[in-house]
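Participant: Provided below are the primary sequence and the corresponding predicted coordinates.
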Amino acid sequence: KLRDPKAVVLTPALFRSCVLDTLDSFLCEDKFVLEIVKFCAKQQRVIFRVPEELKEMTMACLQLIGHYQETPCHFQVLESSKSPLNFDKMGETINESECQD
């Protein structure tokens, strides 16, 4: 959740960069694989894929992020799975054209 959603630009690339920067600062590793499978700025939700060995650390790091583009926020892991997830199971149904795959 973003405290002031109108104060930021929420895009897949910027979100991915935010998460990768956080992972890098905690793990000090060179490269991470973080594939965005589905992104919806309207719902402020993202489904992404990470390697199994980084799953727990990624979930922990997401919850520690306190700012997005200098705007206070918090990220919450709603669900994790080894099989594909979708927004319909995780909340309100929205028009698919408003979200990006």
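Facilitator: Structure received.

Participant: Need the per-residue pLDDT for residue 51.
Facilitator: pLDDT, residue 51: 82.

Participant: wait, isn't it in contact with residue 33?
Facilitator: Yes: counting by Cβ atoms under 8 Å, residue 33 is a contact partner of residue 51 at 5.6 Å. For every residue, glycine as well, the C-beta is placed using N, CA and C.

Participant: which ones are touching the most centrally placed residue in the chain?
Facilitator: In the chain, the centroid-proximal residue (Cα atoms, centre = their mean) is residue 46; its distance is 4.7 Å. Each residue near residue 46 by Cβ atoms under 8 Å, 6 or more residues apart in numbering is listed here: 12, 15, 36, 38-40.

Participant: In this structure, what residue spans correspond to helices?
Facilitator: Ranges of helices within the chain are 12-27, 55-64, based on DSSP state H.

Participant: Just put those in TSV and tack on mean pLDDT.
Facilitator: Listed next are those as TSV, based on pLDDT from 0 to 100:
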stretch	mean pLDDT
helix 12-27	84
helix 55-64	84
